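**Student:** Model the following, please.
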Amino acid sequence: MPKEAKGSMRQRFASFPASSFYVAANIALGAAVVVWALLNWHSHDPLRSLAFTATALLASTLKVRLPGVTGTASVLALFVLIGIVNLSLSEAITIGALSMLAQSTWRTKLRPKPVQVAFSVCSFATAIYLTSIVYTYTRGRFPEPVGLGLLTLTFFLTNTFPVAGIISLTEEKRFLAVWGGYRWLLPCYAVGASLAWLIGRFPSAVQWELPVICLPLVYLVHRSSRTHIVHLEQEKKHVVEMNGLHLRTIEALALAIDAKDHTTHDHLQRVQLYAVEIGRDLGLSESGLDALRAASMLHDIGKLAVPEHIISKPGKLTRAEFEKMKIHPVVGAEILERVRFPYPVVPIVHSHHEKWDGTGYPDGLKGTEIPMGARILAAVDCLDALASDRQYRRALPLDEAMARVAAEAGTAFDPAVVRALQARYQELEARANGSRTEPPPSLSKDIKIERGSAPAAGFEVEPAKDLHPVARARVSSSESVDMPAAGPCKLSSEEALAVAAMRLRLLIPYDAMAIYAPGDGMLRSQLVTGHDAGLLASLRIPVGEGLVGWVAETGKPILNGNPQVEPGYARTGAPAGLSSAIALPLEEGGRMAGVLALYRAGNDAFSADDLAALLPMCPAIASILAELEALESDTRNLAASIQRENEEAAVVRANADAAA
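**Tutor:** Numbering: from 1, shown residues only. Okay, here's the model as predicted:
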């Protein structure tokens, strides 16, 4: 008889009302059976009954660990089957109850609670009683093989169902999945039924010797069971190792994604939790849930093939950039095909940007043509993206994000998936916030390697870069660009920047303007004018962050970016006036001199013509910034020189005073 799990079950009886009632009902029923057996106990041969009892107690110590469940079993069941066939019912129940008591308490790794022992003993007694009733009814009515088969099946069902039920309730596992772990006991019970029939054919002169004769056979069954269990455990260990390999592969690939896009780690963890729970609600199989679990972590692996400046762009993509971004589900699927997962991960990754109405990519699948896992991932991914900070916008409140997803049910998303998500998104959000894990160790992307001064083929001669092909054409006609100059006998650098701002306003009207210059890895304003000037002037923007930082790092302009993503802008309570920004890099001699940013109220307030008109202005403004930086450098050097001269003069005076 398999023994119930002792780990988590011991601490969960009180917290599961259903399991408490279930345990109490089984104990009450079994106790009634045991009391009945004691009150009606009789034996045709007390010596044989004693021999059976002693041998059964000994057999109960021959335990094996059950495969796939947290319990043990012994060869006791074989003697019980023999007792059902050859002894009275009261004898069989008494022997079974005493032997199960010994099995439950003798040489256990963890001391069981009394309620556990009572459950094991009573449910076993009930199984013996029900099996005996079935066997008594079928005996003589059916051929002997049929009667023995029903005996085996009845004992198997009545013996394993109660234990599988309590494990299912207390460990929150599916009943059939738990009960399936005991199927290997059925052949052992069949052997016991055969032995019972064989012993029944012994001469009546052989009485108490029967158990002694059976014990070697039972021991052989025990050894066979142990060998079978060891084989199963080895197979299970191999499966666990393979699953571990796949999990490590997933973690490594997820780390590769994180190396490309720093914003994805927490996003992936949350999407995985949401997707798996929604998949479970929608009835996905275990294989489907495993596939969804892996795809949730790996759906963006194809971004490894997308240029980094596109992934990190803090604004809308151009048509060409979006065409490049659209390859990532195809590339992701091609990468994962090489892993050969034992569950269908590739179709989910390949189709997670398809839409319910057929307007998605890469294949334009429609409705149920899209794999269910991909439909779940698409809705969940969108919800978490809307509710999270992105390079191009701030996070929306979760309820507003859910409302936007729901508005696209039937167009972008499967309505059934959206309904399931609406029913649980607040609960899942609370779980996600309560189960945050530590991010994986970051990769060494920012270290400097001292060795290896040059490649074997040498370096390419690097020409000065132009901002844009349009700028190259326009700058060649410099007379068309009427910008102020700085330097001796001309305007000061500050005056030149102020005049440049006035002429830019005449060319392209704006609500606010800022010119930023780099220093120590940060961008600081050199000139700010217009709406919200004080707040813009206070910003200290790290290179690579926000709109201005991205432009400074990539050397690429950005059109109609969201000013709210600038570090420190929205956080300090900026007025809701500036909604669009156009930012351009200012390069001087192939070096980043600064960033020009114009701001307007309203979304998408700048046009491509505005960008083209600004590009020719950038070299002149960059030259002014370079002059200003050179002047500041000269001023700092002069101040340092004067300081050194003053210090040297002070030393000379001190020496002269000492000599006098």
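
**Student:** Next, count neighbours for residue 137.
**Tutor:** 12 (other Cβ atoms under 10 Å). In this view, the C-beta of every residue, glycine as well, is placed from N, C-alpha and C.

**Student:** I'd guess it is in a strand, am I close?
**Tutor:** No: under DSSP: H, G, I helix; E, B strand; the rest coil, residue 137 falls outside any strand and is assigned helix.

**Student:** Run through the strands of the stretch 551-660 of the chain in chain order.
**Tutor:** Applying DSSP state E, counting those that start in this stretch to the stretch 551-660 of the chain gives strands spanning 558-561, 580-588, 591-600.

**Student:** Dump these to TSV, plus mean pLDDT.
**Tutor:** Formatted as TSV, the strands of the stretch 551-660 of the chain follow (pLDDT from 0 to 100):
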stretch	mean pLDDT
strand 558-561	87
strand 580-588	90
strand 591-600	90
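
**Student:** Now tabulate those in a markdown table and tack on distance to residue 528 and mean neighbour count.
**Tutor:** Shown next, in a markdown table, are the strands of the stretch 551-660 of the chain (distance: least, Cβ to Cβ, whole Å; neighbours: other Cβ atoms under 10 Å):
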| stretch | distance to residue 528 | mean neighbour count |
| --- | --- | --- |
| strand 558-561 | 17 | 23 |
| strand 580-588 | 13 | 24 |
| strand 591-600 | 10 | 24 |
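
**Student:** Make CSV out of those strands and add distance to residue 530.
**Tutor:** Below are the strands of the stretch 551-660 of the chain laid out as CSV (distance: least, Cβ to Cβ, whole Å):
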stretch, distance to residue 530
strand 558-561, 17
strand 580-588, 12
strand 591-600, 7
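
**Student:** right, and residue 160 touches residue 179 too?
**Tutor:** Yes: Residue 160 is in contact with residue 179 according to Cβ atoms under 8 Å; the separation is 6.1 Å.

**Student:** between the two, who's got more neighbours?
**Tutor:** Between residue 160 and residue 179, counted using other Cβ under 10 Å, the more crowded position is residue 160 (24 against 19).

**Student:** residue contacts, residue 562?
**Tutor:** 314-315, 392-394, 547, 579-581 (Cβ atoms under 8 Å, 6 or more residues apart in numbering).

**Student:** Please disregard the earlier target; I meant residue 595.
**Tutor:** Taking Cβ under 8 Å, 6+ apart as the test, what residue 595 contacts is 515-516, 523, 548, 551-552, 583-586.

**Student:** picking that back up, which ChimeraX command selects the buried ones in the contacts of residue 562?
**Tutor:** Those of the contacts of residue 562 that count as buried under 16 or more other Cβ atoms under 10 Å are selected in ChimeraX with:
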select :314,315,392,393,547,579,580,581
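
**Student:** how about the contacts of residue 562 in CSV, adding distance to residue 86?
**Tutor:** Shown next, in CSV, are the contacts of residue 562 (distance: Cβ to Cβ, whole Å):
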residue, distance to residue 86
314, 83
315, 86
392, 81
393, 80
394, 80
547, 88
579, 90
580, 92
581, 92
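
**Student:** In helices, which of the contacts of residue 562 appear?
**Tutor:** Among these, the residues falling in helices (DSSP state H) are residue 547.

**Student:** which one among the contacts of residue 562 gets closest to residue 337?
**Tutor:** Proximity of these to residue 337 (Cβ to Cβ) peaks at residue 392, which lies at 31.5 Å.

**Student:** Tell me the pLDDT of that closest one.
**Tutor:** Looking at residue 392, its pLDDT reads 66.

**Student:** Would you point out which residue is most central in the chain?
**Tutor:** When Cα atoms, centre = their mean is applied to the chain, the residue found nearest the centroid is residue 269 (3.5 Å).

**Student:** Distance-wise, check it relative to residue 297.
**Tutor:** Noted for residue 269: a distance of 8 Å to residue 297, by Cβ to Cβ, to the nearest Å.

**Student:** Do I have it right that residue 301 meets residue 333?
**Tutor:** No: using Cβ under 8 Å, residue 301 makes no contact with residue 333, being 9.1 Å away.

**Student:** list residues touching both of the two?
**Tutor:** Residues touching both residue 301 and residue 333 (Cβ under 8 Å, 6+ apart) are residue 349.

**Student:** give the contact list for the residue lying closest to residue 293 once chain neighbours are set aside.
**Tutor:** Once flanking residues are discounted, residue 293 sits nearest to residue 276: 5.3 Å by Cβ to Cβ, 6 or more residues apart in numbering. Neighbour list for residue 276: 289, 292-293, 296 [criterion: Cβ under 8 Å, 6+ apart].

**Student:** let's see it at 10 Å
**Tutor:** The contact partners of residue 276, by Cβ atoms under 10 Å, 6 or more residues apart in numbering, come to 284, 288-290, 292-293, 296, 376, 380, 428.

**Student:** between those residues, which has the most around it?
**Tutor:** residue 376 leads the contacts of residue 276 on contacts (other Cβ under 10 Å) with 32 neighbours.

**Student:** surely that one meets residue 284?
**Tutor:** Yes: using Cβ atoms under 10 Å, residue 376 makes contact with residue 284 at a distance of 8.1 Å.

**Student:** tell me, what's touching these two both at once?
**Tutor:** 275-276, 278, 292.

**Student:** Just flag the most distant two among the residues you listed.
**Tutor:** 278 and 292 (8.8 Å).

**Student:** what touches both of these two?
**Tutor:** By Cβ under 10 Å, 6+ apart, residue 278 and residue 292 have these common neighbours: 284, 376-377, 380.

**Student:** mind showing which ranges of the stretch 1-150 of the chain have poor pLDDT?
**Tutor:** 1-17, 61-75, 107-110 (pLDDT under 70).

**Student:** residue boundaries of the strands in it?
**Tutor:** Going by DSSP E, counting those that start in this stretch, the stretch 1-150 of the chain shows strands at 63-65, 72-74.

**Student:** quick one, domains of this protein?
**Tutor:** Following automatic domain parsing, the chain resolves into domains at 8-237, 261-434, 469-630.

**Student:** can you put the ones you listed in JSON lines and add distance to residue 244?
**Tutor:** Formatted as JSON lines, the domains of the chain follow (distance: least, Cβ to Cβ, whole Å):
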{"stretch": "domain 8-237", "distance to residue 244": "10"}
{"stretch": "domain 261-434", "distance to residue 244": "13"}
{"stretch": "domain 469-630", "distance to residue 244": "36"}
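
**Student:** residue contacts, the closest residue to residue 580 other than its chain neighbours?
**Tutor:** Nearest residue to residue 580 in three dimensions, chain neighbours excluded: residue 605, at 3.9 Å (Cβ to Cβ, 6+ apart). With contacts defined as Cβ under 10 Å, 6+ apart, residue 605 is in contact with 509-511, 560, 578-582, 598-599.

**Student:** could I get those residues as JSON lines with distance to residue 142?
**Tutor:** As requested, the contacts of residue 605 are arranged in JSON lines below (distance: Cβ to Cβ, whole Å):
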{"residue": "509", "distance to residue 142": "98"}
{"residue": "510", "distance to residue 142": "96"}
{"residue": "511", "distance to residue 142": "94"}
{"residue": "560", "distance to residue 142": "84"}
{"residue": "578", "distance to residue 142": "89"}
{"residue": "579", "distance to residue 142": "84"}
{"residue": "580", "distance to residue 142": "86"}
{"residue": "581", "distance to residue 142": "87"}
{"residue": "582", "distance to residue 142": "90"}
{"residue": "598", "distance to residue 142": "94"}
{"residue": "599", "distance to residue 142": "91"}
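
**Student:** The domains of the chain: which one's closest to residue 658?
**Tutor:** Closest approach to residue 658 among these (Cβ to Cβ): domain 469-630, 41.8 Å.

**Student:** roughly how far is the closest one from the heart of the chain?
**Tutor:** For domain 469-630, the separation from the chain centroid amounts to 41 Å (computed by Cα atoms, centre = their mean, to the nearest Å).
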